[in-house]
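S.K.: Need a 3D model of the following:
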Amino acid sequence: MRDRRGSSILDTARVPGARFAQLEATIDELRAEMAAGRLTARALTAAYIRRIRAIDQSGPSLRSVLELNPDALAIAAALDQEHGAGGSRGPLHGVPVLLKDNIATGDRMATTAGSLAMAGVQAARDAHLVKRLRDAGAVILGKTNMSEWANMRSTRSTSGWSAIGGLTRNPYALDRNASGSSSGSAVAIAASFAAVAVGTETDGSIVSPASINGLVGIKPTVGLVSRDGIIPISHTQDTAGPMARTVADAAALLSAIAGPDARDAATADAQPTDYTRCLDEDRIAGARLGVVRAAFGAHPGVDEVIERALATLRARGALLVDPVELGHADDLADAELEVLLHECKQGLPAWLAEFAPDAPVTTLNDVIAWNERHRDTEMQWFGQELFEQAEGRGGLTDPIYLDALARCSRLARDEGIDRALAEHRLDALVAPTGGPAWLTDLVNGDRYTGGFSSPAAVAGCPHVTVPAGFVHGLPIGLSFVGPAWSEPLLIGLGYAFEQATRARQPPTFVPSVRAR
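M.R.: Alright, predicted model coming up:
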């Protein structure tokens, strides 16, 4: 099997700290090797485990994988037997997948959100998306590190840090931040520790780490993927989604996890779809795309990368409407925070009661108290002021909450994305996903370098980010945002852009950014 550079995928590739045969291999390439009898799911799983031990736990020590599934090899061997008997569950049969550690798995792995308060707590059952993955034949390889409690604990947190997992490091420059909160999922796939991973997003937690780690990230329409089993922040904004090295791999993973779930009413309109059928190299031609200029200007290098991306879109036949205004950014931020604080307080106890009845905490107030008792380990770098603010909020019938929720819907969707698309007769919006990775600073916390996640996150609309280029060796992504349920369109646009540019390059684990 040959890769796009002309070398054999199964040739041993030398990387710092390890030798690995499936470096950068896609799902289709891996499945082709399995079909030809040159690769087994067990051998592939074992190879990923060796690479994780050599590079994640040793060598550059990325600390992206929080826990390996002790049953992964046995699961892979059983799937090999199925394949040998002529059975296949689909494109993910035998393919190793990593999960963010706020997604419940009813197995021997813990589900912790990175918190020591949840250390060793095993979920009572699989999240719906995990069951779908198992049914599709995926090998659940392990859990990935994350920004603790999905970055909802403190305004001064450092993305990628959790008390259980420590700090996840950026594979493109080890002293840079991996962004969050799906930090481990992003880093693990960038470093080829699995074929694909599942992240979760409330606002930016898929698309930002995907962009910063040179990946494709899909934040789906809220309700396309069941929220069942995901440790909640906000039932109006939370969703799981794919993180992958290619649009095709992300589409294959989304096809497996999307669909209706009787436990989640928001998924009533989610129809099972093969998103790999949306991969069209010519999809850009004739598309009307609105350029959101308010997302530019944070960094001149980023602007240069995205201007080249816009030129590619024009050359491929897109009609760019430039600029397009969304507005309401300041008002939206205040309303969003109120919604998140109220919904976090109400949602966490319900998840704990159903999925972690044996945990030492049952409410948000219990978590706050637990953290206070364990300040030396849990709050050595930052506090929990967001948790404390959430605990002080009322219920979901509180007029403050209801007003904020209505403002979010109106400002983000009705007067935001939907209005912009309708007024300019647009297919989608485009913008830089964010800036280059910042230096990690545990003392001062994150220093964000721009971002375009909030409009789609608050509106519940889909958002796809695709690698667009580099600034001083640090990846930059291009965002495609559309109306609810427009994943087929956005995946097609992202794929066409990816094929036109082939901008992604694998990381080399350098200690720091070097001058050009």
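
S.K.: Roughly how far does the residue nearest to Ala173 when sequence neighbours are not counted sit from Ala287?
M.R.: Closest residue to Ala173 apart from its sequence neighbours, by Cβ to Cβ, 6 or more residues apart in numbering: Val513 at 4.8 Å. (Glycine included, C-beta is placed from N, CA and C.) Distance, Val513 to Ala287, using Cβ to Cβ, to the nearest Å: 34 Å.

S.K.: So for the two, which residue has more residues nearby?
M.R.: Ranked by neighbour count (other Cβ atoms under 10 Å), Val513 and Ala287 place Ala287 first, with 21 against 17.

S.K.: so what's the more buried one scoring on pLDDT?
M.R.: Here, the pLDDT recorded for Ala287 equals 98.

S.K.: Over to the one 4 residues further on?
M.R.: Per-residue confidence for Val291 comes out at a pLDDT of 98.

S.K.: How about the one 5 residues further on?
M.R.: Note on Phe296: pLDDT of 97.

S.K.: For the closest residue to it other than its chain neighbours, pull up the helix or strand it's in.
M.R.: Once flanking residues are discounted, Phe296 sits nearest to Asp303: 5.3 Å by Cβ to Cβ, 6+ apart. In the assignment (DSSP states H and E), Asp303 maps to helix 300-315.

S.K.: Please name every helix or strand in contact with that helix.
M.R.: Here helix 300-315 touches strand 319-321, strand 428-432, strand 463-471, strand 474-481, helix 487-501, going by 3 or more Cβ pairs under 8 Å, 6 or more residues apart in numbering; DSSP states H and E.

S.K.: and the fourth one, which strands flank it?
M.R.: Sheet pairing for strand 474-481, assigned by DSSP bridges, gives strand 428-432 (antiparallel), strand 463-471 (antiparallel).

S.K.: Quick one: closest of those to Pro70.
M.R.: strand 463-471 (33.3 Å; Cβ to Cβ).

S.K.: could you check the angle helix 487-501 makes with the helix holding Asp303?
M.R.: For helix 300-315 against helix 487-501, the angle by axes from the mean of the first three to the mean of the last three Cα atoms, to 10 degrees is 100 degrees.

S.K.: what ranges of the stretch 401-516 of the chain fall below the confidence cut-off?
M.R.: For the stretch 401-516 of the chain, applying pLDDT under 70 flags the ranges 516.

S.K.: one more time with 90
M.R.: 448, 514-516 (pLDDT under 90).

S.K.: May I have the residues that are in contact with the nearest residue to Ser454 once chain neighbours are set aside?
M.R.: Excluding its sequence neighbours, the residue lying closest to Ser454 (Cβ to Cβ, 6+ apart) is Asp203, at 5.7 Å. By Cβ atoms under 8 Å, 6 or more residues apart in numbering, the contact set of Asp203 is Gln237, Glu336, Ser453, Ser454, Ala457, Val458.

S.K.: swap the cut-off to 10 Å and go again
M.R.: Neighbour list for Asp203: 150-151, 181, 219, 233-234, 237-238, 333, 336-337, 340, 451, 453-458 [criterion: Cβ atoms under 10 Å, 6 or more residues apart in numbering].

S.K.: same check, this time on Ala265
M.R.: Contacts for Ala265 (Cβ under 10 Å, 6+ apart) come out as Gly223.

S.K.: Dihedrals phi and psi, it?
M.R.: Main-chain torsions, Ala265, degrees, to the nearest 10: phi -60, psi -30.

S.K.: how about the helix holding Asp303: buried residues?
M.R.: By 16 or more other Cβ atoms under 10 Å, the buried positions in helix 300-315 come out as Gly301, Val302, Asp303, Val305, Ile306, Ala309, Leu310, Thr312, Leu313.

S.K.: likewise stretch 287-294?
M.R.: The neighbour-count check on stretch 287-294 (16+ other Cβ under 10 Å) flags Ala287, Leu289, Gly290, Val291, Val292 as buried.

S.K.: try stretch 88-102
M.R.: Across stretch 88-102, burial judged by 16+ other Cβ under 10 Å covers 89, 91-102.

S.K.: Next, count neighbours for the nearest residue to Val222 once chain neighbours are set aside.
M.R.: Excluding the flanking residues, the one nearest Val222 by Cβ to Cβ, 6+ apart is Gly460, at 3.8 Å. Residues near Gly460, counting by other Cβ under 10 Å, number 23.

S.K.: Please give me every residue in contact with Gly460.
M.R.: Taking Cβ under 10 Å, 6+ apart, one finds 219-224, 236-239, 266, 408-409, 412-413, 417, 484 in contact with Gly460.

S.K.: Now list the buried members of the residues you listed.
M.R.: With burial judged by 16+ other Cβ under 10 Å, the buried subset of those is 219-224, 236-239, 266, 408-409, 412-413, 417, 484.
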